[in-house]
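Chemist: Quick one: sequence and predicted model below, then my questions.
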Amino acid sequence: MPDSTFETRPKLERPTLSYRVPTYEGYLERGAKVLPASELDLETLDLADVEIWRQNKMWDRFERLRKEDPIHYTPDSFFGPYWSITRYKDVLAIDTDHKRFSSDADQGGITLSNMTQSIVGRSFITADEPVHSQQRKTAQPAVAPTALREYEPLIRKRTQAVLDNLPVGEPFDWVDAVSIELTAMMLATLFNYPQERRRELTRWSDVTTNPTDPDICPGGMEQWRAELTQCGQVFWEIFQERKNAAPSGDLMSLLAHGKDTTDMNPIDMLGNVILLIVGGNDTTRNSMSGGVYALNKFPDQYAKLKANPDLIPNMVSEIIRWQTPLAYMRRTALEDVEMHGKTIRKGDKVAMWYVSANRDETFWDEDPNQLIIDRKQARNHMSFGFGIHRCVGNRLAELQLRILWEEILERFEHVEVLDEPSRTSSAFVKGYTWLPVILHPKD
């Protein structure tokens with residue numbers, strides 16, 4: 001949506017941010033002009049420049065790589081050299097090849113920034129087989145179908161309460177009032193964490209994924225370590241308490257009593273907690289905001305939804321595809337691998353760009369840049385990953401989004417976006433920090 005769309009809308013003051021990219025001279029400063037992909041040197045094109053993501057100007061870069069260089073090597077970046085995989089079928093091939101491509105913490109983990117073992121240890125998403133499946137099975141019951149059936153009435157009741165307490169007819173920030181609030185409530189429930197302290201979980205998620213963002217960690221890596229150390233101390237106490245209590249269905253009790261997790265050290269316990277916090281926060285939270293933004297960007301689809309609310313389940317999948325809350329996952333090659341005439345060497349970092357796969361013109365039948373809420377292929381999206389590391393909480397995320405849109409349609413004729421959102425300064429978490437809206441009630 002061009003900014004002119006919002007010139008006549010009521011105004012909500014945009015938060016002022018101070019973000020600058022640290023310590024790497026090749027990266028753009030906040031607000032710098034982003035050149036179009038056609039003017040860039042393909043050999044050195046770097047998709048990890050966070051200012052490109054903050055300005056939402058990465059799309060032509062991905063399109064160019066998909067067409068000209070789908071297995072692309074960036075020789076120098078803030079994170080060192082890495083490969084970019086941008087086509088759907090190539091991402092799928094790597095994501096399902098866990099024998100040749102590792103997500104293990106000892107190999108660097110799942111982000112282009114190598115894991116710091118002294119603070120956050122191995123979790124099941126940053127472990128290869130057999131440790132991965134052993135630990136994943138331990139956490140699985142918390143989001144199993146039986147658990148979801150129990151959660152559904154609670155999720156609906158909370159969603160109704162949040163929506164009923166929103167200001168109608170005046171501007172407010174959807175990200176804070178709805179997206180963060182609902183996901184924080186659910187996270188606290190999953191961990192059996194005090195609801196009055198639920199925003200601590202949101203804070204730890206934001207700190208984990210944004211250690212170099214001065215708007216979140218003005219103290220840099222020292223603050224990052226301090227806050228995650230605090231998170232570890234809090235959850236280590238909970239972990240010990242749950243060991244000494246009768247087993248229950250919350251995540252900390254499952255980890256405390258699971259035969260493959262009960263003896264975890266504090267570092268690995270924190271690794272699993274951080275995984276579950278970030279996984280439970282970012283996907284749902286940013287899809288809750290992204291859905292509102294997308295339906296305003298494509299008003300014909302909003303009209304289609306109002307005319308046929310039965311499209312909500314398919315629309316949820318399409319929103320998650322269009323939004324792609326986590327832009328990529330990293331793997332490390334365990335041996336030399338040939339792809340499209342290029343050799344990914346043993347030890348190389350490989351970024352599987354889910355966000356690009358979800359817009360791959362060679363895979364999607366209809367224009368992948370458009371939101372099409374009745375898209376037939378919607379459930380084939382890459383946002384949850386594939387293979388053994390497919391998101392363990394994907395059904396819970398879909399449930400929360402489905403209920404949210406069912407309750408929105410019950411109450412409001414329109415959730416109107418008033419201005420372009422502010423976006424996260426991250427190439428990993430693709431999200432929103434501010435989305436001003438105004439609610440129009442049903443007659």
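Modeler: Ah, there it is.
Chemist: Residue 375 and residue 366 touch, don't they?
Modeler: Yes - at 6.2 Å, residue 375 and residue 366 qualify as touching, with contact defined as C-beta atoms under 8 Å. The C-beta positions use only the backbone N, C-alpha and C, and glycine is treated the same way.
Chemist: Which one's more surrounded, the two?
Modeler: When residue 375 and residue 366 are compared for neighbours, residue 375 comes out ahead with 23 against 11, by other C-beta atoms under 10 Å.
Chemist: what are the ranges of the helices in the stretch 1-150 of the chain?
Modeler: Counting by DSSP state H, counting those that start in this stretch, one finds helices in the stretch 1-150 of the chain at the ranges 50-54, 59-68, 88-95, 131-139, 145-164.
Chemist: Keeping just the C-alphas, turn stretch 363-370 into CSV.
Modeler: The C-alpha trace of stretch 363-370 is given here as CSV (Å, rounded to 0.1, in the frame of the first residue of the first chain):
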residue,chain,number,x,y,z
PHE,A,363,5.8,-23.3,-7.7
TRP,A,364,2.6,-21.3,-6.9
ASP,A,365,-0.2,-21.6,-9.5
GLU,A,366,-1.5,-18.0,-8.8
ASP,A,367,0.5,-14.8,-8.2
PRO,A,368,2.3,-15.6,-5.0
ASN,A,369,2.7,-11.9,-4.2
GLN,A,370,-1.0,-11.6,-3.8
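Chemist: Buried residues in that stretch, which are they?
Modeler: Residues 363, 364, 368 are the ones in stretch 363-370 that count as buried (16 or more other C-beta atoms under 10 Å).
Chemist: Next one: residue 162 relative to residue 204, how far apart?
Modeler: 22 Å (C-beta to C-beta, to the nearest Å).
Chemist: These two: who's more crowded?
Modeler: Set residue 162 next to residue 204 and count neighbours by other C-beta under 10 Å: residue 204 wins out with 24 against 16.
Chemist: Could you pull up the contacting residues of that one?
Modeler: Contacts for residue 204 (C-beta atoms under 8 Å, 6 or more residues apart in numbering) come out as 227, 228, 231, 274, 277.
Chemist: now the helix or strand where the last one lies against helix 131-139, angle please.
Modeler: Assignment of secondary structure by DSSP states H and E places residue 277 within helix 266-297. What separates the directions of helix 266-297 and helix 131-139 is an angle of 70 degrees, with axes from the mean of the first three to the mean of the last three C-alpha atoms, to 10 degrees.
Chemist: now the helix or strand just after helix 266-297 against helix 266-297, angle please.
Modeler: As assigned by DSSP H and E, the chain's next helix or strand after helix 266-297 is helix 299-307. Interaxial angle of helix 299-307 relative to helix 266-297 (the same axes, to 10 degrees): 100 degrees.
Chemist: Tell me which other helices or strands the helix or strand following helix 299-307 touches.
Modeler: Going down the chain from helix 299-307, the next helix or strand is helix 312-323, by DSSP H and E. On a contact count with 3 or more C-beta pairs under 8 Å, 6 or more residues apart in numbering; DSSP states H and E, helix 312-323 meets helix 266-297, helix 394-411.
Chemist: try 10 Å
Modeler: Packed against helix 312-323 by the contact rule (3 or more C-beta pairs under 10 Å, 6 or more residues apart in numbering; DSSP states H and E) you find helix 266-297, helix 299-307, helix 354-357, helix 394-411.
Chemist: And the helices of the stretch 1-150 of the chain: which comes nearest residue 417?
Modeler: Evaluated over these, closeness to residue 417 peaks at helix 145-164, with 16.6 Å, by C-beta to C-beta.
Chemist: Average pLDDT for that closest one, rounded please.
Modeler: Across helix 145-164, pLDDT averages out at 96.
Chemist: Next secondary structure after that helix?
Modeler: Later in the chain than helix 145-164, the nearest helix or strand by DSSP H and E is strand 172-173.
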